[in-house]
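In: Sharing a model that was predicted from the sequence below.
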Amino acid sequence: MGINIIIGYILMFIGAFFFLLSAIGLLRLPDLYTRMQAATKSTTLGAISSIIGIGLMREDILIKSIILATFILLTAPISGSALIRAGYKAKSPMTDKTVVDKFKEKEGE
Amino acid sequence: MVNLANPTLLVVIPLFFAFLSIIVSSFLKKLIKFVPFIVSAINLVVIYFIGVKVLGGSVVIGTTAGLNPPYIINLAVDKLNFIIALMVNVLGLLISFYNIFYVKEEPTDKFHILFTLLIMSSSWISVTGDLFNMFVAFEVLSLSSFGLVGYLRSKDSIEAGFKYVVLGILAGSLILLGVVLVYAQTGTLNMAHIASKLYYIGSLEKLIPYILIFLGLAVEGALFPVNSWLPDAHPAAPSGVSAMLSGIVTTTAIYAIIRVTVTVFNYSAFIPYLFIIALLTLFFGEVAAFFQKDLKRMLAYSTIGQTGLFVLAFSVGTQSSISASIAQMINHSVSKAVLFLVAGIMIEVAASRNIDDLKGFGRSHILTSILFVFAALSLIGIPPFFGFFTKLAILQSLLDFPGFLGYFAFALVLIMAIVEGVYFYKVFKILFAKGEKTFGEENPWLVAAPFILVLILVFLSARPMNIINFTYDTAGQLIQRTTYLTSVLGGLK
Amino acid sequence: MIRKIVYGVFILIIIAAISLFISNYKFGVDKMDVGKYYLDNTVPQTGAANVVTSVTLFYRGFDTLGEVTVLFTAALGVAVLYFMGEKKRKQKLQESNFVTKIGTRVVFPFILLTGAYIFMHGHLTPGGGFQGGALIATGFLLLYLAYEETSIDRKKFYLVEGLGGLTYVIMGLLGFFMKDSFLANVLPNGSLFNLLSGGIILPIYIGVGLKVGSELSNIIDDLMCEVKCEEAGGEE
Amino acid sequence: MKKANYVSKVVFETIVLFLTWILLTESFATSELIFGFLIALVISIGTADLFTEHGLAHLNPKRLFYLIIYIPYYLYQVIKANIQVAVIVLSPSLPIKPGIVKVKTNLKSDVGKLSLANSITLTPGTITMDVQDDELFVHWIKVEDESVEGATESIVSPFEKFLKEIFS
Amino acid sequence: MNFSLLMILLTPFFGGLLAYAGSALHKSVRNIFFLIFLFLPFVELYQYANKTIDNFYYLTVLGQNLSLGINSLSFMLSILFALIFLLAGIFLLFEFDKSDDGDLAVLEFSFLEGAVFGVLFARDILSFFIFFELIAVLVFFLVGKGYKDAHIAQPKYITWALIGANSMLAAIMLLFFKTGSFGYSEIAGYLSTAPTSIVLTTFVLFAIGFLVEASTMPLHVWAPITYTEAPDSVSVVLSSVVKKVGLYLFTLFTFSIFGLNLFSKIMPKIFGSPLILYILQWVGAFTIIVGTFVAIVQEDAKKILAWSSIAQSGYILLGLSLGTSLGVAGGLLHIINHSIFKGILFFVVGGVIYRTGTKDLSELGGLIKKMPVSFIAMLFAIIATAGIPPLNGFASKYLIYEALIQNKEPILLTVALLGGTGSFMYVYRLIHSIFLGQLPKKYESVKEVPILMQIPMLVLSLLALLFGILPGIPMYFVSKAEAFLGFEPIKYNLTGFPEQSGLHAVNILAISLALTGGFVVAALIFYLLPRARKVHQLDNYYAGEVLTEDVKYNYSFGFYSFFDDIIRPFNEWSVDKIYEDFTGFVKTIGDYLRRVYTGNLETYVSLGIIVLTIFSLIYILGGVLW
Amino acid sequence: MKVVDLIYLGLLAFATILMVVRLTKGPDTANRAMALDTLTTLFVALFVFFAFVFGRSFYMDVAVVYAIISFVGVLVVARFIERGL
Amino acid sequence: MIFYISALLIIGIGIYALIIKKNLIKIIIGLDLIETGINLLIVSIGYVNGKTAPIFSKGVMDANLMVDPVPQALTLTSIVIGASELALAAAFVVLLYRKYGTLNVRKIRSLRW
Ligand code: NA
Ligand code: NA
C-alpha cells in the first residue's frame, strides 16, 4: 500500500466529512443565507478533497481529478453567489438574528 | 457504376438539400422555396429506377454501412412501399409547387425546409425496413408537422399545435415503448428479422408491444379515438400543409400500421378490433364533418372518415379488401390534396374559412371550383370517378367479412356515403349560388397543382381497373410475406 | 376525485400488463442477437473502442442521421414559432450578477473546449457529437444568462449547422458512391484508442457536434429572446 | 495593467486552452496536439475579447509568482473557513450573528474583482452577494463590524494585497 | 351511317363540351353547337328503331364487362327524351339569355341528356347506376341555377338522390356478391332461384332508388320545391325525363329482371297482384290523392305543376304495378303522354315568367290577350291533364281505369277517378289565374314570347293533339315495349282500341270529333245570340264601391281556400318532415359526438389511455375477449 | 469494492439523504435550489468515486460534463428565482 | 425487475400528470417523465448484472463481459429525440401563455367542434 493510497483515503474521508457537515448545516441553520455558508464552503471543500483524494489513488484519473477540482473551486462560489442573490431578490426570509442589511439600503435607493 | 435504384437516396438527397438550404437561406433566401419541389422531383427519378425493379416483382433493398441486414438498418421497397413512396413524392412535388406561390408569411425559408423534411420523413417511413428506424422517421415527421401546424402563429394554430404536440409526443413514446418491448422479446429491430422470430410466438404474447405501436401510429393515422387533435390541427396549418397532412401524413401512418400488422406481427387476431375501430372512425369522422361551417375543418373531419373507410377495408384482411383499401388510399390522398389546395385558394380569395362566405365563388372562379367539385365527387365515390370504383371494391370486400358485422359495415359505409355526399354537395351549392360578394383574382399559378392532380384523378378514373389490379398484386405480395422476408434476410444463415 | 382514482387504476392496469409482459423475458439475461455481433465485430469492422458509438454511428448510423434531423427539425420549428420578422429584437439590459457575468467570461471558453473534446473522442469514450454539442450549447446558455444583450450571429450558426449536417450526409454518400451502401466505412479504421481511429465516426461526430451545438444554441437564442422580448413589453 | 490588443488576447487564450486540452486528453499524440491546437485557436479567435482584458500581460513572471503564492494561501483560508463552519454547525447553540455588510475594494480589473468575490465566498463566514462598481455586498455569518471600513478591513484586505499584485 | 350506342351516348357529352368551348367565341356559336348536338341523337337513333341489341362492352370493372344495349322500351323512351331535351334546350337558351350561367347550363344540360341515354342503354346493374348517379349530380347543379330558393331545393334533392343511389348501390353490391356478375341477364337468372329474403331486400332497395327519382310518396319530399325552384327548362326535364327514367327502371326491373313470375312464386296474391305490387298500387293511389289535393291549394304556378307531376307519377305507378297487360300499357302510355302535356305546362308557365317575372298566381291574370299562343297551348295541356278527349291524357287514363276495373279494385278506381276530378280543379285554377280575369296594370306592355320559344309548346301541343286523337301512334311503341317486357300486347288501332278482354272498344277519334262538334255548336250559339254590352274592366262597381286599379275583383288568391284548411296539416307534414327528421337524427348523433371532441386536451389523452387499458385488461385476463 | 469504499459510499449516501430532506422541505425555491446545488456537487464526487471503484476512467469525462451542466443549471435556476422565466 | 417496475411507474406518473394536471408546465413535465421512464426501461432491458459498459479500454477488452450495446445506442437516440420534442413543446407553451394569458389547460379550448 503506497503512501498515495493512504493520503488518498484520508482526503476522501475528509471530503465525506465535509459533505456530511454541509448536509447538517443545511438542516440546522435558520435561513437561506446562513445555510448557503455551509452549502458553498463545506460542499466545495468536500468535493475537492474527495476528488483529489480519489485521483491520488489511480493515476489514470489523476489529471482529470485535478481539472475537476479546479473547475469546482472556480465555479462553486459563482453559483453560490448567484443563488444567494437570487434568494435575496426573491425575498427569501431572513432569520430574526440578522443584525444588519446594507444591501437593502442600497437596493432601496 | 452508381446504382440509383437505392431507397436510401429518398432520404439522403432531401436531407442533403435541407442542410444545404439552411446555409444558403442566409444569403439567398428566395431560392429556398424551390427546394421541396426539386427534392421531390429528384426523389421521383429515384423512385422511377426503383419502380422498374419493383414492378418486375423483386423487392429492392437499400443497405447502410456496407453490411447486410439484420445487422444494419436496411430500407426495403416492395410494391406497397413503392405505391406509398410514389404518392408521397408526387403529392409532395405538386404541393411544393403550390407552396411556392402560396406561402407568404415569414419565415418562408424555414417553412420550405420544414416542408422538405415532411416530404423526406414521409418517404422515409414508406421505405424503411427497421422498426426503430421507423420510429425515428416518425419523429421527424411529427416534429416537422408540429412546426408547420404552428407556422401561422395565430391563436388557433398555437392551440391546435400544442394539442397536436402533446398527443404526438405521447404517440411517439408509445411507439418507442412498443419497439423496445419488441426488442426485449426478439433481440432485434429489423422488421423482417422480427417477423421471422415472432412467427413462433402466440398471438396474445404479441398483444402488448403491438397495441402500443398501433396506438402510437393511430394518433398520426387519425384513428378513433386518438384522432381528436386532427380537426384542430389540419385546418390551422397553411393549406399546402393541410393538404400534405391529410393527403400524405395520415396515409403514411396507416401504411405503417399495415406494414407492422401484416409483415412484422402477422397479426390476424387483431383484425376484429381493428374493424370496430375503423367503423367508429368512419362514423365519427363523417358525422362530425356534416356539422362543420369551417371549410378546412370539414375537410379535416372528412379525412378522419375516409381513413376509417380504408382501414375498414384493410381490416377485412382478404387480398381483395387490402387491394381496395390501398386503392381508396390513393383516391383519398389525391382528392383530399386537391380539396385542401383549392380550399386554400378559396380562403385566400374570400378571406374567410367559413363556407357560407364562399357564396358565388364558383361563378367567378369556374375552373378552381370545378377542380374542387371533381375531387369531391371522386372522394364521395360518384361515378365515373376513380373513387366510385374503389368504393365498389370496398363494398364488395366488406361482404366478405364473416357474420353480421360485415353487413352492418356495408350498410354504414353506404349511409356515411350519403352523409358525406350531403355535406360536400352543400359546399357545391354555395359555390355556385348567386352571391352579392365579388371575389378578387386568384393567382393562376396556384391552380396549377390542383389542376394536375385532377388530371391524375381523371387518368385514374379512365383506367380504374388497371390501378385496382395493380393494388391487387400489391396486396398479394403483402399478404404472402415470404418475398419480403427472404429478400431482406437473404444473407442470413 | 373519482376521475383521479379511475385514471390511476387504468394506469396501474397498463403498468401491470406491461410488467406481466416483461416478466416473461427474464431480467438480466442477454437477448443479444445482433448485440453480440456488434461486440464481436466493432473493433475489426470500425476500429472504434466504444461499441455503443459504433452502433449509433455505424451499424445504426441511419437512425442517428434521423436523430440529427429530429433536432434540426425541432430547431427549425422553434425558429418558426419565435420568428420576429425584420423588427429589431428589443433587448433590455438587465442588471445581472457581477459574479455570474465575469465568471461566465472565464468559464465559457473552457466549456467550448470541453465540448469539442467530448465530440472529438466520441469513438473512444461515452461522449460523442450530441453530448459535445449539448455542452457547447450549455456554454451559450450560460452566456445568455449572464449577458442579457447577447444575440448570436444566426447566419454563422446556420452555416455551422448546415455544414455539420452536410458532413454527415456527404460521409454517408461517399459510402454510397464507393461501396453502394450509404454510410459504408470509407476511411481507414486506424489503431484502437487513437484519436484517428473509428473510420467515418470521427468526421461524422465532429459534424454532429458542431451541428448540435449550433442548433441548440439557436433554440436557446429563440427561447431567450422570447423571454426577453416579453419582459421588454412584448412585440407583435 | 493595460488593456491588451486582440492578438495578444488570442495568443494568451490559445495557450491556456491548449494546455487545458493536453490535460483533458492526457496525450501527446500528434493528432491530438494538432486538433487541440486548432480547436483552441478557433475558440480563442471567437472569444478572446470575452475571455481576457489583458492578454499576454497575465503571463508576466511577477504576476505568476504572486498567483502561485496566492493559491496555497487561498486553500488555507478555505480550510479555515470550513473549520469555522463545522464549529458553528456542530455546536448545539448555533453561535451566529448574521448580516449583510458593505465593503469596498480598490481592484479595478473585472477578473480581479471576481477573484476577490470568489475568495470572499469560499473563506470564513462570508459570501459575496453582489458586486457593484467598487462596492461588494457580503453576507457575514458573524458580523463583527457593521461599518464599511471595519468590514472591508476584516473581509477584503487579506486577499486584496495578493490580488492587487496579480491583477494590476 | 352506323352509329354505335356508345357513340349516341357520347354525342351529347361531346356536344356539351363543344358548345361550352364555343361559348368562348360567341354565344351564337355555343347555341348552334348546342342545338345541333341535341338534334343529332334522332338521326343516330333512327337505325335502332326495330332492333334489340345487347352486350356492347365498353368497360371492365371488378373483372366484369359492362355493356350497353337497346330494346324497344328504351328506344321508345330515348326518342321521347331526345325530343324533350331538344325542345327544353331551345327554351333554355332563352331562359339563360341574359344570365351568366348560360354556358355552364348548356354544358350540364347536354351532359344530362348523355347520362339519360346511358341509363336507357345500360345492360347491367352497374352501368345504369353509374349514369343514374351522374344524372343526380347534373340535376343538382342545374337546379342551383333556378329561382331564389333553389339553394333550399338543392340539398333536399341531393339528400334524397343520395339516399336512393346508395340504396341501389347496396342492392347492386349484394347481387354482385351473390352472382359475381353485373349483367341484367345473369342477375335475372340468379334471382329466379334466389332466396326470398334476397329478392325482397334487393327489390325494395332498388325500388327506393327508382321511386325517389319518380317522386312518388313518401319519397317525393324533395320534388315540390325542386321542381318549383329549378329553371323552367330544367323543370321540364325533371318532370318529363328524369322522373320517367326512374319509372323506366322500375318497369324494367319489376317485369324484366325480377319478373312477375318470381313475385307470384314467393308471395301471396291480392286482387290478382303479388303482394308487393299490390302495396305499390296503394303507394300510387296515395300519391295521386295527396299530390292532386295539395296541388289544388298552391299559390305558386310552378308548385301546382310540381304537385301535379307528383300526382301523375301516382297514375303511372298505379298502372304499372297492376302488372297486367292493360295496366302496364296504360302506365307506359301515360309516361309518354304526361311527358308531353306536363312539358307544355312548364313551357307555358316558363314563358309567362319569362315575360312577367313572377310565378305567383296572385300577381297574375288576364294575359289571354297578351299571350294568345301560350293560352292555346295551355288550354290544350290542361285538357290533356284532366284526361278529356281529344287531347292525349284521355287514352292512357282510360286504359288505367279499365285495368283497375279488370282487376276488380273498386277502392283504387275511386281514388283514381277522384284524382281525375281534382286535376281538373287545379288546372282550371292555373289557366284562370294566369290568363283569365283582370290584367294587372304592370303587365299592360307584356308581349307574347318570341317565336322560337313558342316552338317547344306548339310542337308538344300538336303532339298532344295528335296522340290524343290517334293513340295508335304511341301505342305502336308501347305494344312493342310490352312485348319486350313479356306481356301479351293489347290490341290497338290507329284511332283507338278494339274490343278485347278487360277493355271495351273505344274509338277516340270518333269521341273527339263528337266532342269537338259539340264545342263548335256551342260556340256558334254563343256568338250568334245577342250579347250583353261589353264593359271595361274598371267600368264597374263592387259592393257599392267604385273599383280602382289596385282592387282585385276576381279571386286569383285563396282560390280553393276551403280545401286549404283540410289539406294544410297534411301538406306541412309531407313537405319537410322526413327531411327534417333525418337531419334531426344526424344532429342528435352529433351532439353525442361533441362529448368526444371537447377541445379538452385531457379528454384527448384519456381516450387513448382507455383504449390502452382495455387491451391491457385483455392481456392480463389472458385473452378472455380474444 | 473494499470496506472502506463502502463506508465512504455510506457517508455520502447519508449526506445525500439529509440534503434531500432540505430539498423536499424547502421552504422556498431558493432553498430547494441550494439543496440541489449541493447534491450535484456531491454527485460529481460520486462519479469520480465510481470511476475509481469500477476502474473505468471514462467516467471522469462524464463527471466533467456533469459538473459543467450542473453549474449552468444552478445559474438557470438562480435566474429563474430572481426574475421568473 | 425493480428497474422495470420503477421505470414503468415513472411512465405511469407521467401519463397521470398528462391527464390530471391542469398546468401546462406540469403537462410538459409529464411528457418528460414518460420519456425518462422509457429510457430507463430501455437501459434496464440491456442491463445484465455483473457486466460492464460496452466500451473497450486499456485493460477492458473482453467482449463477453459487456452488456448489449443496442439498448444504450437506442437510449442515446431517444434522449435526443425526447429533448427535441420537449423543446418544441416548451416553445408552444410559452406562446400559449402569451396568447391566452393562462397556463391552465382547461381554459385553452377555443378550438372545439
Ligand atoms: Na460515444
Ligand atoms: Na446517437
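Out: Thanks, I have it. Ligands and ions are numbered 1, 2, ... in the order given.
In: so what's residue 40 closest to, chain neighbours aside?
Out: All of this is about chain A. Computed as CB to CB, 6 or more residues apart in numbering or on different chains, the closest residue to A:Thr40 that is not its neighbour in sequence is A:Gly80, at 3.5 Å. Backbone N, C-alpha and C define where each C-beta goes, glycine included.
In: not what I meant, chain E
Out: Among residues not flanking E:Leu40 along the chain, E:Thr11 sits closest, at 5.2 Å (CB to CB, 6+ apart).
In: tell me which element the closest residue to E:Thr324 other than its chain neighbours is part of?
Out: Spatial nearest neighbour of E:Thr324, chain neighbours left out: E:Ala403 (5.6 Å); criterion: CB to CB, 6+ apart. Using DSSP states H and E, E:Ala403 maps to helix E:393-406.
In: number of nearby residues for the residue nearest to E:Leu40?
Out: Other residues near E:Thr11 come to 25 when the count uses other CB atoms under 10 Å in any protein chain shown.
In: Okay, it and B:Gly221: tell me how far apart.
Out: Counting by CB to CB, to the nearest Å, the gap from E:Thr11 to B:Gly221 is 46 Å.
In: same question, B:Val2
Out: 36 Å.
In: and the two? which has more neighbours close in?
Out: Under the criterion of other CB under 10 Å, the comparison of B:Val2 against B:Gly221 puts B:Gly221 first, with 26 against 9.
In: Angles on the backbone of the more buried one, please.
Out: B:Gly221 adopts backbone torsions of phi -80, psi 0, taken as degrees, to the nearest 10.
In: Could you pull up the residues touching it?
Out: B:Gly221 makes contacts with B:227, B:250, B:253-254, B:256-257, B:307, B:311, as judged by CB atoms under 8 Å, 6 or more residues apart in numbering or on different chains.
In: can you put these in CSV and add secondary structure?
Out: Shown next, in CSV, are these (DSSP: H, G, I helix; E, B strand; the rest coil):
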residue, secondary structure
B:Asn227, coil
B:Thr250, helix
B:Ala253, helix
B:Ile254, helix
B:Ala256, helix
B:Ile257, helix
B:Thr307, helix
B:Val311, helix
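In: ok, and the closest non-adjacent residue to the most far-flung residue of chain B relative to its centre?
Out: Farthest-out residue of chain B from its mean C-alpha position, per CA atoms, centre = their mean: B:Glu436, at 38.1 Å. Closest residue to B:Glu436 apart from its sequence neighbours, by CB to CB, 6+ apart: B:Gly360 at 7.5 Å.
In: Give me the pLDDT value at the one you found.
Out: B:Gly360 carries a pLDDT score of 83 in this model.
In: Just give the number of residues close to it.
Out: Count around B:Gly360 with other CB under 10 Å applied: 19.
In: Do I have it right that it meets B:Gly435?
Out: Yes - the pair B:Gly360 / B:Gly435 is scored as a contact, 2.6 Å apart, by CB atoms under 8 Å.
In: Could you list the buried residues of the biggest helix by length in chain D?
Out: Longest helix in chain D, counting residues (DSSP state H): helix D:61-90. Going by neighbour count (16 or more other CB atoms under 10 Å in any protein chain shown), the buried part of helix D:61-90 is D:63, D:66-67, D:70, D:74, D:77-79, D:81-82, D:84-86, D:88-89.
In: Check those against chain C and report the nearest one.
Out: Nearest to chain C out of the buried residues of helix D:61-90 is D:Leu67 (CB to the nearest CB; 14.1 Å).
In: for the nearest residue to the closest one once chain neighbours are set aside, what are its contacts?
Out: In this structure, D:Leu67 finds its nearest non-sequential neighbour in D:Ile166, 5.3 Å apart by CB to CB, 6+ apart. Applying CB under 8 Å, 6+ apart to D:Ile166 gives the contacts D:63, D:66-67, D:70, D:112, D:115.
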